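Visitor: Quick one, fold the following:
(4 chains)
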Number of protein chains: 2
Amino acid sequence: MATIKEVSLLARVSPATVSRVLNGTTPVASATRVRVLEAVEALQYKPNAFARGLATNRSGGIGVTVNAVSSPFFGAFVAGVEQVLRPAGIHLMLSSGFADLANERESIEFLLERRCDGLIVQAERLDDGFLVDLVRGPTPVVIFGRRIAEIADACVVTDNELGGRLATAHLLDHGHRRIGHVTGPLAFPDARARLHGYRRALEGAGVAYDERYVVESTFDEEGGAQAAVRLLERAPELTALFLSNDQMAAGAMRALRERAIEIPTDLSIVGYDDVFLARYLTPALTTIRQPLVDMGRTAAHLLLGRLGHIGEEVVHRFDPELVERQTVARVAA
Amino acid sequence: MATIKEVSLLARVSPATVSRVLNGTTPVASATRVRVLEAVEALQYKPNAFARGLATNRSGGIGVTVNAVSSPFFGAFVAGVEQVLRPAGIHLMLSSGFADLANERESIEFLLERRCDGLIVQAERLDDGFLVDLVRGPTPVVIFGRRIAEIADACVVTDNELGGRLATAHLLDHGHRRIGHVTGPLAFPDARARLHGYRRALEGAGVAYDERYVVESTFDEEGGAQAAVRLLERAPELTALFLSNDQMAAGAMRALRERAIEIPTDLSIVGYDDVFLARYLTPALTTIRQPLVDMGRTAAHLLLGRLGHIGEEVVHRFDPELVERQTVARVAA
DNA sequence: GCCGCACATGAAAAGGCTTTCATGAAAAGT
DNA sequence: ACTTTTCATGAAAGCCTTTTCATGTGCGGC
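Guide: Below is the predicted model of the structure:
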């Protein structure tokens, strides 16, 4: 593989000049510039990323941590990130935290050691303090999917409370008054915000919040199934259920079907996330969509800004929206 | 950030010795070793990846290209890869090709320029010749999901023909004789192999292959929907359909439901891939599963082997298996 | 027609690590 | 006890860029 020196020899200039041509740092006489470019072409010269990194202390790569590469979220989000970073010549270094505290921390340290120029972090378990320190540290960081007040302008989030309100309001609009809610683990801010939105929507409609109608569970199918069953045993008068994510909703739907509860005739359901599968459930799931691709793009733009590239104006908080499908029925008022 | 020199000063040794301790390249007297390690600890020293790369010409990272990060495939596969690479201290550099020829080539070149130590490539569009050259080039490469005879030991694949046979045999076993097949674009070797399996299974069961029963389409829902409709118009006597992937099957199911064709009563369906959504379709889709996580792990192991790490014995060709759910009904013989 | 300037370019240092080669001390052999 | 070998360690070169500083050329201004 050719080095800058060989190029400089062929072009009869110094290595410094080659560097200048390639990086555009200093004007170079156009005659010499062409000579250099020809030499580069002839030798198929590609700058050595290590040497460049050593000299500039920048890597041209940014790190991305996600809770789980295999989560359905992840794909759309990373696709968005890549869409903007790739044209900027920046590559992605990937590491997943598998929703485990130690692992998430390790992922980040791993990436940091690799001296990436910036970091996009989607963390579920790490506490706010850690993230605040991280953002205030030397490496530019943007936090995805979590809003932390002290570092709000490093965060790209959706308004989970709004989402919770939308979901609940949709049910209220359809005449439901006894609406249950299965939250995710309340350790997750997302789950808390959605719950809060649920509560506010109810109160806004003059429906009293009843804590018997709320149950906390895990963010997976099994969690949704069990919680739904438990909730209906405890409060059979419920006419609708809002679940804190689509997987949970899917689990609930299955469990209820097994118990011969018709959806939406007997019970209406709203999920959250508009994950791929929502469309495929039967009946198709009414849910709340987060604009993941856009959020990925935004996170990337934000990071570019922090890296000193010309920053676009950027929205930090995205509004989720309701996607109406077939799991909500109207109920007599 | 501390450098090796500062460590060496603190430990009262030369930088060379520090390097030796850290890399274990040369034995070091245990007394000095402890001193060095203590100094490393005290200064929180992390070797500079650039300098190291420059000196060794290795990056400690491997590149992964996939056709689309957002494909449901991708997550499971990458998770497998990461499971083995991460403990080896190797990081992933990611680039997606978006199933576009120019893009795929570019992805690979991008990664190569970044001097990654190895490459795991899942390419859909690139021709065999390119991949052969790539594998024979200086950088270790393993090819995922595609078998090329000349470089078979760099390939990790499933036996798509076997998969096609399994799907078809399952239908035959259930008494079906008039079985349609919607193939993916025949430009894809996977699609060809599945078709071939379908054909062999039929012939093995003494059922004549009828090309009116086969239609080529795209690997997405729309493709599946249109092809299924077309096929049934052309050959209403069909009692079963084997589709070359799950997305297609999902599309077909939806289109058929709209035409009041009951599944599996009126028509049985088998998909391929056992993508996440297969479980969630109603009725749940009977399909062929590929062990993606295992394949990812294997690809990673294989690459490690080529990188000179102790290589585990490795299986290159995985057997897919049938996952029986609810879209196949028995038919009177 | 001379001085000072701008401008293009080169020389060289710096960046942090690995690795080869050399050296000195200790261990083994006679 | 003296030479030979082994072993631990240090000195220094090399990896390839970028970037600062210096130099030389040609030009405009007086």
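
Visitor: From here on, just use CA atoms for contacts and neighbour counts.
Guide: Noted.

Visitor: tell me which parts of the stretch 151-300 of chain A are close to chain B?
Guide: Applying CA under 8 Å from any CA of the partner chain, one finds that the stretch 151-300 of chain A approaches chain B through A:250, A:276-277, A:280-282.

Visitor: can we see that at 10 Å?
Guide: For the stretch 151-300 of chain A, the residues in contact with chain B (CA under 10 Å from any CA of the partner chain) are A:247, A:250-251, A:254, A:276-284, A:293.

Visitor: so what's the closest residue to DNA strand C within the stretch 101-250 of chain A up against?
Guide: As assessed by CA to the nearest atom of the strand, DNA strand C sits closest to residue A:113 within the stretch 101-250 of chain A, at 10.7 Å. By CA atoms under 10 Å, 6 or more residues apart in numbering or on different chains, residue A:113 lies in contact with A:107, B:46-49.

Visitor: Highest neighbour count among the residues you listed?
Guide: residue A:107 (25 neighbours; other CA atoms under 10 Å in any protein chain shown).

Visitor: how about residue A:208, secondary structure?
Guide: Here residue A:208 takes the coil state, with states given by DSSP: H, G, I helix; E, B strand; the rest coil.

Visitor: What separation do you get for the nearest residue to it once chain neighbours are set aside and residue A:331?
Guide: Nearest non-adjacent residue to residue A:208, counting by CA to CA, 6 or more residues apart in numbering or on different chains: residue A:202, 6.6 Å away. According to CA to CA, to the nearest Å, residue A:202 stands 16 Å off from residue A:331.

Visitor: More neighbours: these two, which one.
Guide: For residue A:202 versus residue A:331, the count of surrounding residues by other CA under 10 Å is larger for residue A:202: 22 against 18.

Visitor: picking up where we left off before, from the residues of the stretch 151-300 of chain A next to chain B, which would you call buried?
Guide: Applying a neighbour-count criterion of 16 or more other CA atoms under 10 Å in any protein chain shown, the buried members of those are A:247, A:250-251, A:254, A:277-284, A:293.

Visitor: Dump the residues you listed into a markdown table; add pLDDT and secondary structure as well.
Guide: Shown next, in a markdown table, are these (pLDDT from 0 to 100; DSSP: H, G, I helix; E, B strand; the rest coil):
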| residue | pLDDT | secondary structure |
| --- | --- | --- |
| A:247 | 90 | helix |
| A:250 | 92 | helix |
| A:251 | 93 | helix |
| A:254 | 89 | helix |
| A:277 | 78 | helix |
| A:278 | 86 | helix |
| A:279 | 81 | helix |
| A:280 | 80 | helix |
| A:281 | 85 | coil |
| A:282 | 83 | coil |
| A:283 | 90 | coil |
| A:284 | 91 | coil |
| A:293 | 89 | helix |
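
Visitor: for residue A:156, which residues make a bridge with it?
Guide: On the basis of DSSP bridges, residue A:156 takes part in beta bridges with residue A:144.

Visitor: residues near it, how many?
Guide: Neighbour number of residue A:156 under other CA under 10 Å is 27.

Visitor: which two of the buried ones among the residues of the stretch 151-300 of chain A next to chain B lie the greatest distance from each other?
Guide: Greatest spacing in those, by CA to CA: A:254 and A:293 (29.1 Å).
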